[in-house]
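Colleague: here is the input, now give the coordinates:
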Amino acid sequence: MIGKRDLKKLIRKHPQSETELLAWFKAARSAEWRGLMDVRKSFASADLVGQVLISNIRNNDLRLITVASWRSQRIYLKALLTHKQYDKREWEKKWAY
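Modeller: From the prediction side, this is the model:
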């Protein structure tokens, strides 16, 4: 389960990513991912750091940070970061455990 309200917030901050984020949302919403290998069937460049699922958006210009709960089939949107923001690794302090 992914909240569309949170997705709309991310789109407002990065309107250039709307088409790709909506496609990601549609795929993730209907998926039954049990782990990273399942995610990579849809998004080959996805990566996992702890429970943080990272997806490249807009040809790697942006990184979608989510937290995955495989058992409950929930994905929590956390942030959409530029490459510069992502490289600072502040997101790890908040969500990677």
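Colleague: so which residue is smack in the middle of the protein?
Modeller: Leu64 (3.7 Å; Cα atoms, centre = their mean).
Colleague: hmm, who's touching the helix or strand containing that residue?
Modeller: Using DSSP states H and E, the element containing Leu64 is strand 62-69. Applying Cβ atoms under 8 Å, 6 or more residues apart in numbering, the contact partners of strand 62-69 are 10, 14, 17, 21, 24, 33, 39, 48, 51-57, 74-83, 86, 91, 95. Yep, even glycine has a C-beta here, placed from its N, CA and C like the rest.
Colleague: I'd guessed Val52 sits against Ala96; true?
Modeller: Yes - with contact defined as Cβ atoms under 8 Å, Val52 reaches Ala96; the gap is 4.8 Å.
Colleague: and these two? Which one has more around it.
Modeller: Neighbours were counted for Val52 and for Ala96 using other Cβ atoms under 10 Å; Val52 has more, 19 against 15.
Colleague: burial of Ala28, as a residue count?
Modeller: So Ala28, with other Cβ under 10 Å, has 22 neighbours.
Colleague: what's the pLDDT at it?
Modeller: Per-residue confidence at Ala28 stands at 91 (pLDDT).
Colleague: let the chain start at 158 from now.
Modeller: Renumbered: residue one is now 158, and that last one reads Ala185.
Colleague: now the helix or strand that it is a member of: buried residues?
Modeller: Using DSSP H and E, Ala185 falls within helix 175-187. By neighbour count on 16 or more other Cβ atoms under 10 Å, the buried set for helix 175-187 is Glu177, Leu178, Trp181, Phe182, Ala185.
Colleague: please name every helix or strand in contact with the lowest-mean-pLDDT helix or strand in the chain.
Modeller: Ranking every helix and strand in the chain by mean pLDDT, DSSP states H and E puts helix 247-252 at the bottom, with a mean of 86. Secondary-structure packing of helix 247-252 (3 or more Cβ pairs under 8 Å, 6 or more residues apart in numbering; DSSP states H and E): strand 209-214, strand 219-226, strand 231-239.
Colleague: many thanks, we can stop here.
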